[in-house]
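Colleague: Any chance you can model this:
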Amino acid sequence: MISSFVITGFLGSGKTTFMLKAVKEHFKDKKVAVIVNEIGDIGVDGKILQNVYSSVLELSEGCICCSLQAEFEKGVYEILEKYNPDFLFVETSGASNPFPIMLSLQNIGSLLEGVVCVVDAKNFHNYKSNETFKYQIGSSNIIVVNKIDLISEKELENIENEIKAIKKEYNLRDFLTSEEFFKDFKIYKSKYGQVDEDLFKHVYPIRDLPKLPAHLSLINHLEESNIGEFAVFLEKELSYDELEQKLKNIPKNIYRIKGIVRLKDFQTPMVVNYVFGYTELSPIEKYDGKSFLVFIGENIKKESVFVL
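Modeller: The predicted structure is shown next:
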């Protein structure tokens, strides 16, 4: 029986960075397979992960939690047959509820070790009222408060208290008996997605999950939350300053941008991560495709974005 971890968290929380570091540092002597779910037809995270792992399955054009459940289960079976991994990591879309994924893993016989929700401490106030985020907290037994280096001790204390309140209200329960699935949960603090190995060794057990009625398990979370996305291909090579200036003019309802671009100032392509006005660049070695950016937000229109 293969052991699995589900990595959830709202858009831009640092899920991919967390997973990359965790696998490289704490599972380096194990054979690990990764499944990543993107909400658009161009997968950024999958391209990043394929620089590190050969056994990466990327699912796009929707959420695993809705239209892709059958494809997800089929993909897991194929990974098990082809690679025979020791562990499976599933990174969900930031716009999805992880529960149906947990259910699918149980259905295929995987031992679900933990559901990790990565929380962006810096931008917590921007999305703490989002219903999808609250269900992500409620469906997790491990919560990682990431980017704590960007906030004060008092802010961190307030965030932890709010997370506990959300967890209490949205904790995953049996819809027939109202019994909670998690015996307990634990909050970890993180800088740059870094966590101790202890996180993966002392996981609170998860009870068996009841099968949801089909109409409940196939909820389209993207439509419910009005979260949409579109991709823009860059027709010309920009400098870092030009890109930075354009990103400063992004409408406020676009709160997540990610992509891979070639800039005049850098020899290698750069991964762009933009979250609520903050931009971070990092190099990616093995990429020979076109430069592109994926814009994610609520009620967004392609024509509202600058021309590249």
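
Colleague: can we go C-alpha only for contacts and neighbour counts from here?
Modeller: Fine.

Colleague: Could you look up the SS state of the spatially closest residue to Y274 that is not a sequence neighbour?
Modeller: Once flanking residues are discounted, Y274 sits nearest to I257: 4.8 Å by CA to CA, 6 or more residues apart in numbering. Secondary structure, DSSP: H, G, I helix; E, B strand; the rest coil: I257 is strand.

Colleague: now the helices for the stretch 1-150 of the chain?
Modeller: 15-26, 44-49, 69-83, 99-107, 124-127, 131-138 (DSSP state H, counting those that start in this stretch).

Colleague: Nearest approach to V32 belongs to which of the ones you listed?
Modeller: helix 15-26 (7.5 Å; CA to CA).

Colleague: if you average pLDDT over each of the helices of the stretch 1-150 of the chain, which comes out lowest?
Modeller: Confidence, taken as mean pLDDT, is least for helix 44-49 of those (a mean of 48).

Colleague: related to what we said a few turns ago, which among the helices of the stretch 1-150 of the chain is found nearest to T268?
Modeller: helix 44-49 (13.6 Å).

Colleague: So M102 versus P269, what's the distance?
Modeller: M102 is 35 Å from P269, where distance means CA to CA, to the nearest Å.

Colleague: re the thing from before, how about TSV for the helices of the stretch 1-150 of the chain, with distance to K246 and mean neighbour count added?
Modeller: Putting those into TSV (distance: least, CA to CA, whole Å; neighbours: other CA atoms under 10 Å) gives the following:
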stretch	distance to K246	mean neighbour count
helix 15-26	25	18
helix 44-49	20	20
helix 69-83	37	15
helix 99-107	37	20
helix 124-127	22	13
helix 131-138	29	24
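
Colleague: Between those, which one is closest to C117.
Modeller: helix 131-138 (6.2 Å).

Colleague: what angle separates that closest one from helix 99-107?
Modeller: When axes from the mean of the first three to the mean of the last three CA atoms, to 10 degrees is applied, the directions of helix 131-138 and helix 99-107 differ by 40 degrees.

Colleague: Low-confidence ranges, the stretch 101-250 of the chain, go.
Modeller: 175-176, 202-226 (pLDDT under 70).

Colleague: same thing but 80
Modeller: The stretch 101-250 of the chain contains residues with pLDDT under 80 at 173-183, 201-231.

Colleague: quick one, strands of it?
Modeller: 111-120, 142-146, 186-189, 227-233 (DSSP state E, counting those that start in this stretch).

Colleague: I'd guessed K15 sits against A22; true?
Modeller: No. The pair K15 / A22 is not scored as a contact, 10.4 Å apart, by CA atoms under 8 Å.

Colleague: Same list (the strands of the stretch 101-250 of the chain) but as JSON lines, adding mean neighbour count.
Modeller: JSON lines is the format used below for those (neighbours: other CA atoms under 10 Å):
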{"stretch": "strand 111-120", "mean neighbour count": "25"}
{"stretch": "strand 142-146", "mean neighbour count": "25"}
{"stretch": "strand 186-189", "mean neighbour count": "16"}
{"stretch": "strand 227-233", "mean neighbour count": "17"}
